[in-house]
Structures are given as structure tokens and as C-alpha cells.
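Asker: sequence first, predicted model second:
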Amino acid sequence: MEIGQSQRGNVAILQPVGRIDGATSPEFQAKLLEASTGADGGVIIDFAAVDYISSAGLRTLMTAMRQRKDRRIAAVALRPVLQEIFAIARFQHVVAIFASVEEAANSWGATA
């Protein structure tokens, strides 16, 4: 699994590519927890290039949310299949969902 990472101000942006499932979620979790620990402004995960996320991937997001006391982890650019998965799992109540990186950063008052 390829996971791009960039920094905009004090916000970390992760760009995973492909599927986040049982095989790839350990790598995704390591990268997400590392970013979560190091980014004072929060972490935005750009899901534009993600085709699928399994329960293992959702667990990774839950773990990261528990680690960040300020709860500044956002999911952006969800494809329709991911929107459906998040809705079925009711994950919109766990992770903030936005249309774009800029919208997420603006909601936190950060500059992205």
C-alpha cells in the first residue's frame, strides 16, 4: 500500500492509495499513529484514491481517535462506496467527514 504524506502548517495530510483491509491496515495504522502523534494541528486523511476500507481499516481510525484527545482527525474526499461503508458503520459519529482538505482544515481554524 502506498501512503503519501504531506504537511500544511501544523496539519498532517495522509493520502492512502488502494484498499485498506486486513492486509494493509497495519501499515496504515503505523503511518496514521505516527502522523497523529507528530501533528499538533490534526490529521486529515484524503481518501480520494481509496477503493475500499474494511472493518480493520475502520478500527485503525478508531484507535487514532482514541490517541488524539483533541479528536482532530478528519476524513475527506470519500468515494461513494466509502460513504456507504462509513454510513453503515455510523462512522460519521466517530470521524469528522469533509468534502476537501481545505474544508477540514478551515473547520479547525488551521491553514492548509
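Answerer: Here it is on my side, so go on.
Asker: can you list contacts of whichever strand or helix holds Gly57?
Answerer: Using DSSP states H and E, Gly57 falls within helix 55-67. Outside of helix 55-67, the residues within contact range by CB atoms under 8 Å, 6 or more residues apart in numbering are 20-22, 24-25, 28-29, 32-33, 36-37, 43, 45, 71, 73, 75, 85, 89, 91, 94-95. In short, each C-beta sits where N, CA and C put it, glycine included.
Asker: among the residues you listed, name the ones in strands.
Answerer: Among the contacts of helix 55-67, the residues falling in strands (DSSP state E) are Ile20, Val43, Ile45, Ile73, Ala75.
Asker: so the third one makes contact with Lys31?
Answerer: In other words, Ile45. No - counting by CB atoms under 8 Å, no contact exists between Ile45 and Lys31, whose distance comes to 9.9 Å.
Asker: comparing those two, which residue is more hemmed in?
Answerer: When neighbours are counted by other CB atoms under 10 Å, Ile45 comes out ahead of the other of Ile45 and Lys31, with 28 against 20.
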